[in-house]
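Visitor: the following comprises the amino acid sequence and a computationally predicted model.
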Amino acid sequence: MVTVAWAPTARPETLRLRADLLARIRRFFADRDFLEVETPLLGAAAALDPHLSSFVVGCDGVADRDLYLQTSPEFAMKRLLAAGSGPVYQICKAFREAESGRWHSPEFTLLEWYRPGFDHHRLMDEVDVLVCGILGTPAAVRMTYDQAFEELAGWSPRDADMGMLRRAAREQGLAEDVGAETDRDGLLDFLFSHTVQPGLAGRGAVFVYDFPATQAALARVRAGNPPVAERFELLVQGVELANGYHELIDPAEQRRRFECDQTRRRERALPAYPLDERLLAAMAHGLPPCAGVALGVDRLVMLAAGASSIDEVIAFPISRA
């Protein structure tokens, strides 16, 4: 039996396109006087978000505890910001266990950058210039999280109680996916991915911003009725391409959120990860007001190449590693 498992899954012309896009990205940031940085892929702490799972790497004789392949370079890059780096960007590998499929790979390439002095609106402007320049698409449309639901689902999440959210999930055929233990944010995530995202598939580039305060992650929360998280997602043809924040800089609030995430992980019987005390110390030293964004490079190449699977734009996906 002849096997071709040694061969790359990406065609040579796709790899050339990928290399060209990486060169254009680097020129974009060089023209704006960014510092390109490299941070460790192995870290003593891991992302605590219950939706993320980190690879654990035993390092006997090197470290006194397990290390984690990083799901994002965010924490280390913020430590650089606190040390006075100014605007920084990085193109690196990131790792998330149990993520695979058409748009996902457990090992993937991430572009991440941070702008001192920016809020999420100014950062959306910059993301728009980069992405639309590369893809040759018109400037992105912008809508709030509430507006996206009102337009594409026909109702506002701020007015929806749990009963309404469960009914909406059943109407979308999600009864089997939504268990009794699913919380409000879990239901909203299901409904966003099954009603809002498909509705954006034919609209080119769209920024959805000002998420519910309960979905702030590492973003600031702006007071209001209701309060909102100052974060955004960029979707292109309904595909999530980038996730950005007007960054939280309060170390006490960051610690509180980390501890809440740890509690949620324990409640879901997920692996326990240590807090990143080095990040918290850097924030206490003084993280400058800033905005940051992570963009999936593989997905960007997919969109530029018209590829239908992430394996088509990676030389050797995990199945052939």
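Guide: Structure received. Here the structure is a predicted model, which means the values were calculated and not measured.
Visitor: low-confidence regions, the stretch 151-300 of the chain specifically.
Guide: Low-confidence regions of the stretch 151-300 of the chain, defined by pLDDT under 70, span residues 174-181.
Visitor: center of the protein, which residue is that?
Guide: When the chain is reduced to its mean C-alpha position, the closest residue under CA atoms, centre = their mean turns out to be residue 243, at 4.5 Å.
Visitor: which strand or helix spans residue 231?
Guide: With the criterion set as DSSP states H and E, the secondary-structure element containing residue 231 is strand 228-236.
Visitor: now the helices for the stretch 151-300 of the chain?
Guide: For the stretch 151-300 of the chain, helices defined by DSSP state H, counting those that start in this stretch occupy the ranges 162-171, 184-191, 197-199, 251-267, 277-286, 297-305.
Visitor: can you list contacts of the third one?
Guide: It refers to helix 197-199. Taking CB atoms under 8 Å, 6 or more residues apart in numbering as the criterion, the residues outside helix 197-199 that touch it are 151-153, 235, 238, 240. In short, each C-beta sits where N, CA and C put it, glycine included.
Visitor: can you list the buried residues in the one helix or strand residue 133 maps to?
Guide: Under the criterion of DSSP H and E, residue 133 resides in helix 120-135. For helix 120-135, a neighbour-count test (16 or more other CB atoms under 10 Å) marks 120, 123-124, 126-128, 130-132, 134-135 as buried.
Visitor: got it, and stretch 271-287?
Guide: Applying a neighbour-count criterion of 16+ other CB under 10 Å, one finds 273, 275-276, 279-280, 282-283, 287 buried in stretch 271-287.
Visitor: so how far is the strand holding residue 231 off the chain centroid?
Guide: Relative to the mean C-alpha coordinate of its chain, strand 228-236 is positioned 10 Å out (CA atoms, centre = their mean, to the nearest Å).
Visitor: quick one, it and helix 297-305 angle?
Guide: Orientation check (axes from the mean of the first three to the mean of the last three CA atoms, to 10 degrees): strand 228-236 against helix 297-305 gives 40 degrees.
Visitor: note down every partner strand of strand 228-236 and its orientation.
Guide: Using DSSP bridges, strand 228-236 pairs in its sheet with strand 205-212 (antiparallel), strand 221-222 (antiparallel), strand 239-246 (antiparallel).
Visitor: of those, which is nearest residue 24?
Guide: For these, the distance to residue 24 is smallest for strand 239-246, at 15.8 Å, taking CB to CB.
Visitor: dump the contacts of helix 197-199 into a markdown table; add neighbour count as well.
Guide: Converted to a markdown table, these look like this (neighbours: other CB atoms under 10 Å):
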| residue | neighbour count |
| --- | --- |
| 151 | 12 |
| 152 | 16 |
| 153 | 19 |
| 235 | 22 |
| 238 | 16 |
| 240 | 17 |
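Visitor: now those residues in CSV, with distance to residue 189?
Guide: Rendered in CSV, the data for these read as follows (distance: CB to CB, whole Å):
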residue, distance to residue 189
151, 18
152, 15
153, 13
235, 14
238, 15
240, 12
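Visitor: of those residues, just say which sits nearest to residue 116.
Guide: Of all the contacts of helix 197-199, the one sitting nearest residue 116 is residue 240; the distance, using CB to CB, is 25.7 Å.
Visitor: just give the closest residue to that closest one, not the sequence neighbours.
Guide: Of all residues beyond its chain neighbours, the one nearest residue 240 is residue 233 (5.7 Å), with distances taken as CB to CB, 6 or more residues apart in numbering.
Visitor: please tell me how far that neighbour sits from residue 219.
Guide: With distances defined as CB to CB, to the nearest Å, the gap from residue 233 to residue 219 amounts to 11 Å.
Visitor: those two: which has the busier surroundings?
Guide: Between residue 233 and residue 219, counted using other CB atoms under 10 Å, residue 219 has the larger neighbour count: 24 against 19.
Visitor: that one contacts residue 253, correct?
Guide: No - assessed by CB atoms under 8 Å, residue 219 is found out of contact with residue 253, at 11.0 Å.
Visitor: figure out how far the top helix by length along the chain is from the centre of its chain.
Guide: Identified as the longest helix of the chain according to DSSP state H is helix 12-31. If you compare the mean C-alpha spot of helix 12-31 with that of the full chain, they lie 21 Å apart, counting by CA atoms, centre = their mean.
Visitor: list the buried residues for that helix?
Guide: Buried residues in helix 12-31, defined by neighbour count with 16+ other CB under 10 Å: 14, 17-18, 21-22, 25, 28-29.
Visitor: ditto for stretch 97-110
Guide: 100, 103, 105-110.
Visitor: just flag the most distant two among the residues you listed.
Guide: With CB to CB as the measure, no two of those lie farther apart than 100 and 110, at 16.2 Å.
Visitor: now do the helix or strand following the longest helix of the chain: everything it contacts.
Guide: Sequence order places strand 35-36 as the next helix or strand after helix 12-31, per DSSP H and E. Among residues not part of strand 35-36, those counted as contacts by CB under 8 Å, 6+ apart are 26, 29, 85-91.
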